[in-house]
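K.L.:
3D, please:
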Amino acid sequence: MTSRPTVLLTDYAWPDVAIEAGIVEDAGLQLVTGPARAGSAEAIAALAARHQPAAIMTNWAPVSTAAIAASAPLRIVARLGVGLDNIAVEEASRRGIWVTNVPDYCIEEVSDHAVGMLLAWARGLVHFDREVKAGRWEPASARLRRVRELTCGIIGLGRTGRRTAEKLRGFGLRLLGLARSPDAAAPIETTSLEDLLRRCDVVIVHLPLTAGTRHLLDRERIALMKPGAFLINVSRGAVIDTVALIEALDGGRLSGAALDVLEDEPRVPPGLLRPNVVLTPHIAFSSDASLRDLRRKASEEVVRVLRGERPQEGRNHPGPRSPARHETPDHP
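P.N.:
Predicted coordinates for the structure are as follows:
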């Protein structure tokens, strides 16, 4: 490449940008970065207008319609993650811009996190750690579960949901699943959402956030859950109606919850600050290995598209690019 197109990295959740810079700059591109912490939609649009990037890479920052429209050379928006709910995908498609993600970088980590949360609840690990550190040594108060006798429901049998099922199968518990598409290959018995909620002692959510999944677990559906059930969410916070969840916890309908994600991160609703709720700060995806994979694969997609190639993980169907952009069209 001769003109050093710009790649804008909007934000990042790791100490440096050495991996991104190495791959991007070795390809003859120029990397510019916003602040590490994700900015507002307006701030990202201003960065795009200022730097006129050919590619935007985003971790948590919103890449809005305005941000996409602000850069004439833009050819790809690459998500450093799996979900696309922070990207205006339809606007990108309309303008002939690719949207990509990295769907397979943290399958092991997220499934491990879900299994760990189930075991922590069944065996009282977090609760009794807190009790002992508070000076209370009361083994007779334990009301623990034999994992093998539980029924666990997995909502979402994509790659990560299926991996969670594979890991849990080794514990001998019964597994039920809800697949997003009826023809999805499932390693476990599938059923309806309502039936799954009624029958399961533990429910694990593995879903992307879309218009169809927002508040999928609302007041009515949470009311269907088996009394004393435990709810785990390692996907997106807004899949669960937080107000309805707090009401179910207040009323004793659920024995507790374990949440790696919240609706309005990083704000934690006071109603979730209770002993029977385990909270982690959206880290289920994280490990040294997964972050290396994420950063490398997202950067390589940018290079691939800016070389005129198709991305390996395109998540949209870009329309024809505007002639006003004066760029070589993407290869078909």
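
K.L.:
thought Val63 was touching Leu8?
P.N.:
No - look at Val63 against Leu8 with CB atoms under 8 Å: they stay out of range, at 9.5 Å. C-beta: built from backbone N, CA, C; applies to glycine.

K.L.:
between those two, what contacts are shared?
P.N.:
By CB atoms under 8 Å, 6 or more residues apart in numbering, Val63 and Leu8 have these common neighbours: Ile56.

K.L.:
Just confirm Val102 is within a strand.
P.N.:
No - applying DSSP: H, G, I helix; E, B strand; the rest coil, one finds Val102 to be coil, outside a strand.

K.L.:
how much space between it and Val77?
P.N.:
13 Å (CB to CB, to the nearest Å).

K.L.:
When those two are compared, which one has more neighbours?
P.N.:
Using other CB atoms under 10 Å as the criterion, Val102 and Val77 rank with Val77 on top: 31 against 22.

K.L.:
for the more buried one, helix, strand, or coil?
P.N.:
strand.

K.L.:
roughly how far apart are it and Thr10?
P.N.:
From Val77 to Thr10 the distance is 10 Å (CB to CB).

K.L.:
Which residues are in contact with Leu196?
P.N.:
Gly153, Ile155, Leu176, Gly177, Leu178, Val203.

K.L.:
Restricted to strands, list those residues.
P.N.:
If you go by DSSP state E, the contacts of Leu196 have Gly153, Ile155, Leu176, Gly177, Leu178, Val203 in strands.

K.L.:
so which two of the residues you listed are the farthest from each other?
P.N.:
Spatial extent of those (CB to CB) is set by the pair Gly177 and Val203 at 10.9 Å.

K.L.:
When these two are compared, which one has more neighbours?
P.N.:
Shown here are Gly177 and Val203; by other CB under 10 Å, Val203 has more neighbours (27 against 24).

K.L.:
Tell me if I'm right that the more buried one and Leu224 touch.
P.N.:
No - using CB under 8 Å, Val203 is not in contact with Leu224; the gap is 10.4 Å.

K.L.:
Find the residues that touch each one of these two.
P.N.:
Leu197.

K.L.:
if we can go back for a sec, any residues in contact with both of Gly177 and Val203?
P.N.:
Gly153, Ile155, Leu196.

K.L.:
Now do the buried residues in stretch 43-56.
P.N.:
Neighbour counts using 16 or more other CB atoms under 10 Å place Ala43, Ile44, Ala45, Ala46, Leu47, Ala48, His51, Pro53, Ala54, Ala55, Ile56 of stretch 43-56 among the buried residues.

K.L.:
Check what contacts that stretch and list those residues.
P.N.:
Counting by CB under 8 Å, 6+ apart, 5-8, 10, 29, 32, 34, 39, 58, 61-64, 66-68, 70-78, 302, 305-306 sit against stretch 43-56.

K.L.:
Among these, which are located in strands?
P.N.:
Counting by DSSP E, those contribute Thr6, Val7, Leu8, Val32, Thr58, Ile76, Val77, Ala78 to strands.

K.L.:
can you list these in a markdown table and add distance to Arg310?
P.N.:
Formatted as a markdown table, the ones in strands among the contacts of stretch 43-56 follow (distance: CB to CB, whole Å):
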| residue | distance to Arg310 |
| --- | --- |
| Thr6 | 21 |
| Val7 | 18 |
| Leu8 | 22 |
| Val32 | 25 |
| Thr58 | 20 |
| Ile76 | 11 |
| Val77 | 15 |
| Ala78 | 14 |
